[in-house]
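*Asks:* need coordinates for the below:
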Amino acid sequence: MERAAVANAADEDAAPTEAPRRHLKRFAAIAAAVVILDQLTKALVRAWLDEREVWPEGFELIRISHVENSGAAFGILQGGGPFLIASSILGAVIVLVFLRAAPPGDRLYETALALVLGGAIGNLIDRVFRGTVTDFIDPTHYPAFNIADSSIVVGVISLAVLSLWRPEGRAGGGKAGGD
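*Replies:* Here you go, the predicted structure:
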């Protein structure tokens with residue numbers, strides 16, 4: 001009887017540490033998938049198109065164009081490499097702080113944070129190793145962007161919606177959803 005109680009107590013102690021690891025693995029997998037997809041698509045664009053080349057030519061809805069951006073979103077802060085690198089690192093740290101403060105088991109919140117982190121890392125890799133960020137999704141009447149940019153935007157909008165729609169799960173006071 002005593003052995004069963006000890007075994008149950010050991011199982012109960014193990015369960016809380018396994019759940020956060022599982023959530024961290026899922027978080028890391030999503031962020032890594034964004035980075036890999038982002039870097040793969042950028043490499044393909046750089047391999048197939050010369051800078052400023054557009055495919056298909058004459059198509060006016062959305063196209064692929066090779067743009068090297070030394071600035072931030074919409075081409076602002078051109079040449080601001082060191083500042084943008086530092087900002088990206090700070091943003092990644094902030095995401096990790098928010099992850100630590102996230103309601104336990106809130107998959108939607110964790111996924112949104114993973115999207116932001118993956119996007120930030122994807123563009124950070126470009127800034128550090130190339131000095132520019134490769135943009136290629138070109139809606140013709142809007143600045144070109146990439147997978148990392150899209151991931152950041154979707155993640156930030158999701159975080160805003162989750163914070164407004166389910167405020168009870170954000171402030172630590174209520175029930176978190178997702179699991």
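*Asks:* where are the low-confidence patches of this protein?
*Replies:* With pLDDT under 70 as the threshold, the chain has low-confidence stretches at 1-21, 74, 166-179.
*Asks:* now the helices for it?
*Replies:* Across the chain, reading from the start of the chain, the helices by DSSP state H fall at 2-48, 81-101, 107-130, 147-165, 167-170.
*Asks:* pick the most deeply packed of these.
*Replies:* Most buried of those, by mean neighbour count (mean count of other CB atoms under 10 Å): helix 107-130, with a mean of 22. In this view, the C-beta of every residue, glycine as well, is placed from N, C-alpha and C.
*Asks:* and the angle for that one with helix 147-165?
*Replies:* Angle between the axes of helix 107-130 and helix 147-165 is 150 degrees (criterion: axes from the mean of the first three to the mean of the last three CA atoms, to 10 degrees).
*Asks:* may I see the helices of the chain organised as TSV, with distance to Gly75 added?
*Replies:* Converted to TSV, the helices of the chain look like this (distance: least, CB to CB, whole Å):
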stretch	distance to Gly75
helix 2-48	17
helix 81-101	12
helix 107-130	14
helix 147-165	12
helix 167-170	33
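*Asks:* for Glu57, which of those is the nearest?
*Replies:* Between Glu57 and these, the tightest spacing by CB to CB is seen for helix 2-48, at 13.9 Å.
*Asks:* neighbouring contacts of stretch 109-121?
*Replies:* Contacts to stretch 109-121, defined as CB atoms under 8 Å, 6 or more residues apart in numbering, come from residues 23, 26-28, 30-35, 38, 88, 91-92, 95-96, 98-99, 102-103, 147-152, 154-156, 158-159, 162, 169-170, 176, 178.
*Asks:* alright, I will stop here.
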